[in-house]
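A.B. asks: Generate a structure from the sequence data that follows.
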Amino acid sequence: MFGRRTLFTLIAGLGALTVAPAGAAPRVTAVRVGREPGAVAVNSATGSVYVGSGDGTVCLAGARSVAVGGEPTDLAVDETSGRVYVAARTAGTLTVLDADGTLRSVVPCGPGAAVVDVDSAGNRAYVGSGLGAGVAVVDTVACVVAEQLGGPGQGFGGVRVDEARQLAYFASAHTDSVEVLDLTSGEFVSTIPVGRAPAGLALHEASNTLYVANSAIHHLSVVDGATRAERTTILLPSEASSVAVHQASHTVYANGGPDGLVRIDGTTGSVTGTLPLGVNPGGVAVDQRTGTVLVTDPLHDQLLLVREF
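C.D. replies: Predicted structure coming up:
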């Protein structure tokens, strides 16, 4: 996944953003964040945006910083509780923050705790190791590891939880596959071959379609969640490591454009636009309420807010 991260919450202005009619020129706004930002996540219920940077802390609205127990490598937001979960691979920990940035807990999760996603209804966070195929299941109420699961592969580079179907998808870069974890049984039940070095994962929930950013090849894998098989691939201008889906419109965004973003119609599987940004983007996320695409720029230490794209 991505390198060092902090958290930055962008409050002012986001709640007022609207999606313009199709055909409008994209508007890009740059916001200064921490050093070498990587991942980005958004709580669409509140409009809070969280950005990782390279100083090893978590910052709230640029006002204060919270240490996250080591070098952060991934984060996830529970939109129900507002809590933020930060995985630190080198420390093997999961740091739990309240919505206001208050440090709630640091949970030891085992070596290489690299990626994290949350089952909000089940009060569980799933932390995948980047060093081996282990998964720590964290009780998000008690903030303790409830279970340690073994799995296939040699480490994970991405995770996406499907709460409705009680599944979790883990990107396994060393085996060029996505491994499927049944959350009810706690067992890995399927292996889905995809492209080279899969990393970022995004799920369109209504159509049960998983999008896999293959970081070592110029295509995006499209996986049918029902059959658990790669349905097709979408050729991109360059490799992608991060992908996000706007659920209402089934629009897919990835950092596989020519030094920028690529936009895909999820219904047809066709590339419908590219947006050069002059830099290889880091993480990509979408505010489900406003349709704003959020992109980190690790070269210039900034977050890009892309509207009307």
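A.B. asks: can you pull the contacts of residue 206?
C.D. replies: Contacts for residue 206 (CB atoms under 8 Å, 6 or more residues apart in numbering) come out as 247, 250. The C-beta positions use only the backbone N, C-alpha and C, and glycine is treated the same way.
A.B. asks: ok, now how distant is it from residue 246?
C.D. replies: Distance of residue 206 to residue 246, given as CB to CB, to the nearest Å: 12 Å.
A.B. asks: Tell me where the protein is predicted with low confidence.
C.D. replies: For the chain, the stretches flagged by pLDDT under 70 are 1-24, 58-65.
A.B. asks: Repeat the analysis, applying 90 as the threshold.
C.D. replies: Residues of the chain meeting the criterion pLDDT under 90: 1-25, 31-42, 46-75, 87-90, 97-103, 132-133, 151, 153-154, 257-258, 301-303.
A.B. asks: May I see the buried residues of stretch 190-199?
C.D. replies: 192, 194-195, 197-199 (16 or more other CB atoms under 10 Å).
A.B. asks: Provide the contact partners of that stretch at residue level.
C.D. replies: Stretch 190-199 is contacted by residues 1, 152, 157-158, 171-173, 175-180, 212-217, 219-221, 223, 228-230, 233, 241-242 when judged by CB under 8 Å, 6+ apart.
A.B. asks: Show the buried residues in those.
C.D. replies: Buried among these (16+ other CB under 10 Å): 1, 157-158, 171-173, 175-180, 212-215, 217, 219-221, 223, 228, 230, 233, 241-242.
A.B. asks: Filter these down to the ones in strands?
C.D. replies: Secondary structure from DSSP state E places 158, 171-172, 177-180, 212-214, 219-221, 223, 230, 233 of the buried ones among the contacts of stretch 190-199 in strands.
A.B. asks: Just give me the closest of the residues you listed to residue 281.
C.D. replies: Nearest to residue 281 among those, counting by CB to CB, is residue 213 at 11.6 Å.
A.B. asks: who touches that closest one in this structure?
C.D. replies: Residue 213 touches 158, 198-201, 220, 240-243, 254-256, counting by CB under 8 Å, 6+ apart.
A.B. asks: Could you rerun that using 7 Å?
C.D. replies: Listed by CB atoms under 7 Å, 6 or more residues apart in numbering, the contact partners of residue 213 are 198-200, 220, 240-243, 254.
A.B. asks: Quickly name whichever of these is closest to residue 167.
C.D. replies: Closest to residue 167 out of those is residue 198 (16.3 Å), distances taken as CB to CB.
A.B. asks: And that closest one, how far from residue 53?
C.D. replies: Counting by CB to CB, the separation of residue 198 from residue 53 is 25 Å.
A.B. asks: now swap in residue 149 and tell me
C.D. replies: Residue 149 sits at a distance of 31 Å from residue 53 (criterion: CB to CB).
A.B. asks: So for those two, which sits in the more crowded spot?
C.D. replies: Between residue 149 and residue 53, counting by other CB atoms under 10 Å, residue 53 is the more crowded of the two (27 against 15).
A.B. asks: looking at it, the more buried one is touching residue 36, isn't it?
C.D. replies: Yes - Residue 53 is within contact range of residue 36, at 6.1 Å (criterion: CB atoms under 7 Å).
A.B. asks: Helices of the stretch 1-150 of the chain, residue ranges please.
C.D. replies: Counting by DSSP state H, counting those that start in this stretch, one finds no helices in the stretch 1-150 of the chain.
A.B. asks: Show me the strands in it, by range?
C.D. replies: 27-32, 40-43, 48-51, 57-60, 64-67, 72-77, 84-88, 93-97, 103-108, 113-119, 124-129, 135-139, 144-149 (DSSP state E, counting those that start in this stretch).
A.B. asks: partner strands of the longest one, parallel or antiparallel?
C.D. replies: Strands adjacent to strand 113-119 in the sheet, as given by DSSP bridges, are strand 124-129 (antiparallel).
A.B. asks: now the angle between strand 103-108 and the strand it pairs with, please.
C.D. replies: 50 degrees (axes from the mean of the first three to the mean of the last three CA atoms, to 10 degrees).
A.B. asks: Now do strand 124-129 against strand 72-77, angle only.
C.D. replies: Using the same axes, to 10 degrees: strand 124-129 against strand 72-77 is 160 degrees.
A.B. asks: Can we start the residue count at 105 from this point?
C.D. replies: Noted, 105 is the first residue going forward, which turns the last one into strand 228-233.
A.B. asks: residues making contact with strand 228-233?
C.D. replies: 180, 189, 191, 198, 213-222, 239-244, 259-260, 263, 265, 272, 274.
A.B. asks: Please state the offset of that strand from the chain centre?
C.D. replies: 13 Å (CA atoms, centre = their mean, to the nearest Å).
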